[in-house]
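Enquirer: Next comes the sequence, and after it the predicted model I'd like to discuss.
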Amino acid sequence: MKFGKRLKQQIQETLPGWRDKFLSYKDLKKLVRLISSAPPLLNGSTEYEKTEAGFVYLLNNEIEKFNAFFMEQEEDFIIRHKELQQRINRVMEEWGPNGTQPSDTDYKDEMARIRKDIVDFHGEMVLIINYSNINFTGLAKILKKYDKQTGGLLRSPFIQKVLQQPFFTTDLISKLVRECESTIDALFPETKQEGLRGQTEMITVAGEGIFRNTVAALLTMKEIRRGSSTYGQFSLPPLNLPETDFIQSFQLNSPIPII
């Protein structure tokens, strides 16, 4: 699948509020085509430098958009992770078997709500990692087109800059993803045995739901980061998210085909 179609599919399969935050790949592609179809410009000339500077200006605007959105989401995730941990502690301390007011009914009801919130939270973090991956890949591809069609040499220095950007740095969110999975494994062991049966039913029913979006993101990340020999030095490394039972239950029961 060509990247433009892949990106369009990902935009459709992410959360509605995120859809205007992705790379404006189509517009950049049109600009590259316009530049390459213009009369040849001598490399190093004033006109050539102006043209290249205009293209770089647009790319920098895109990066600023990615960084602002990514950092906003990252900050929100840190707060929500802490709040979830506090909720779990309060429930256990009050209604748990050793709590101050033990109540099996209240405990199970609230923990069921917490489990749903953790799964939603986990899904959103997977989506933001995918957001980082897909936008980095788009930048690498549009820069490759620019260099190939205009004779420029932007790709290598620009990608080196991108590697230092906040939106590309997903280590903290990947850590929160792993902590979420550890929490689910520790607090809800029945999740492994049931294979997230209830959640996968929701994936099938909810075409725009967070569960289905998470599955689509995981499959896309594996595709982008599979380490194919056709990928170059600017490609992302193979996906390194933990293959827990939680993740596998999404993938194995997904109604979405691997493309």
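Expert: Yep, it's here.

Enquirer: check contacts around Gln160.
Expert: Not one residue lies near Gln160 by C-beta atoms under 8 Å, 6 or more residues apart in numbering. For the C-beta atoms, the positions are set from N, CA and C on the backbone; glycine is no exception.

Enquirer: State which helix of the chain is the longest.
Expert: Looking across the chain with DSSP state H, the single longest helix is helix 46-95.

Enquirer: now Gly99, what's its secondary structure?
Expert: coil (DSSP: H, G, I helix; E, B strand; the rest coil).

Enquirer: now it: how far from Phe188?
Expert: For Gly99, the distance to Phe188 equals 18 Å [C-beta to C-beta, to the nearest Å].

Enquirer: Which other helices and strands does the longest helix of the chain contact?
Expert: If you count contacts as 3 or more C-beta pairs under 8 Å, 6 or more residues apart in numbering; DSSP states H and E, helix 46-95 packs onto helix 25-37, helix 104-150, helix 155-162, helix 171-187.

Enquirer: any idea which of the ones you listed is most buried?
Expert: helix 104-150 (a mean of 19; mean count of other C-beta atoms under 10 Å).

Enquirer: what distance separates the longest helix of the chain from the centre of its chain?
Expert: When distances are taken as C-alpha atoms, centre = their mean, to the nearest Å, helix 46-95 is centred 11 Å away from the chain's centroid.

Enquirer: Show me the shaky parts of the stretch 151-259 of the chain.
Expert: Within the stretch 151-259 of the chain, the stretches with pLDDT under 70 are 190-212, 225-259.

Enquirer: rerun that using 90 as the cut-off
Expert: 151-153, 181, 184-259 (pLDDT under 90).

Enquirer: Tell me the helices and strands packed up against the host helix or strand of Lys222.
Expert: Taking DSSP states H and E as the criterion, Lys222 maps to helix 210-224. Using 3+ C-beta pairs under 8 Å, 6+ apart, the elements in contact with helix 210-224 are helix 3-12, helix 104-150, helix 197-205, helix 245-252.
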